[in-house]
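Novice: A predicted structure for the sequence below; I have some questions about it.
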Amino acid sequence: MSKIGVFYGSTYGNTANAAAKIAAHLERLLGQPIPPQDIAQVDLKTLEGYDKLLLGCSTWNIGELQYDWEALHRQLDTLDLNGKQVALFGCGDQLSYPDSFQDALGILGEKLEERGASLVGLWPVAGYEHTRSLGQRGEFFLGLALDEDNQAHLSEERIAHWVEQVFEEFGLLMRVDG
Ligand SMILES: Cc1cc2nc3c(=O)[nH]c(=O)nc-3n(C[C@H](O)[C@H](O)[C@H](O)COP(=O)(O)O)c2cc1C
């Protein structure tokens, strides 16, 4: 069984709440608890001990990583994530910061790809009103884009749908053929 971890960085608690909900869905699907961990409270090297990671980061200061991830930015260069699948999620505010909405997904995603990880859990940009995002590649965000400031009513459904998608992309769906 693959080792799965959920880590997040969060300033006002929005991404922390999302991480808790994501972990609860994973627990239901896997039948075992996956306690979310605050990235500020762990040694970054811990991430190397997991096969599959779900990493949460909000965007702050007009296009920057959330503070705890920002503080770890240089240390990220020392990580070996070869062979690991990573699913990103983040919180942002598309109406107040339309030109940098969810930039953290792009900054973190590109760094993790540089370190050998492959990203799963890409999420369609349809349904958002931003104008520009470093977190966007083609018609997709590099992970689940949540907006507790303007679209909180959509978050539960987005999370439920996305966790199912990631679970499948992680190759964890039990298939009964024939
Ligand atoms: C000073 C400030 C700067 C922000 N900059 C951005 C930004 O550039 N892009 C974005 O999408 N959201 C931005 N946000 C919105 C936050 O990402 C959003 O409120 C998020 O839900 C916070 O999540 P957290 O509590 O997990 O840190 C900013 C918020 C503040 C107060």
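Specialist: Okay, I see it. Residues are numbered from 1 along each chain as shown.

Novice: list the contacts of Gln165.
Specialist: When contacts are counted by C-beta atoms under 8 Å, 6 or more residues apart in numbering, Gln165 touches Gly121. In short, each C-beta sits where N, CA and C put it, glycine included.

Novice: near the ligand at all, whichever strand or helix holds Glu168?
Specialist: In this structure, Glu168 is located in helix 152-169 according to DSSP states H and E. No: figure legend: helix 152-169 not in contact with the ligand (C-beta under 6 Å from any ligand atom); closest approach 9.3 Å.

Novice: buried residues, that helix. List them.
Specialist: Neighbour counts using 16 or more other C-beta atoms under 10 Å place Ser155, Arg158, Ile159, Trp162, Val163, Gln165, Val166, Phe167, Glu169 of helix 152-169 among the buried residues.

Novice: which of these lies closest to Ser2?
Specialist: Closest approach to Ser2 among the buried residues of helix 152-169 (C-beta to C-beta): Phe167, at 11.2 Å.

Novice: in three-state terms, label the spatially closest residue to the closest one that is not a sequence neighbour for me.
Specialist: In space, Phe167 comes closest to Leu29 once its chain neighbours are excluded; the distance is 5.3 Å by C-beta to C-beta, 6 or more residues apart in numbering. Recorded secondary structure, Leu29: helix (DSSP: H, G, I helix; E, B strand; the rest coil).

Novice: next one, pLDDT for Leu29 please.
Specialist: We have a pLDDT of 95 for Leu29.

Novice: for the residue of the chain found nearest the ligand, give me its contacts.
Specialist: Closest to the ligand within the chain is Gly92: 2.4 Å, counting by C-beta to the nearest ligand atom. Listed by C-beta under 8 Å, 6+ apart, the contact partners of Gly92 are Ser58, Thr59, Phe101, Gln102, Asp103, Ala104, Ala145, Leu146, Asp147.

Novice: and the ligand, which of those residues reach it?
Specialist: Answer for the contacts of Gly92 near the ligand (C-beta under 6 Å from any ligand atom): Ser58, Thr59, Phe101, Gln102, Asp103.

Novice: most neighbours out of the residues you listed, which is it?
Specialist: Neighbour counts for those peak at Gln102, which has 34 neighbours (criterion: other C-beta atoms under 10 Å).
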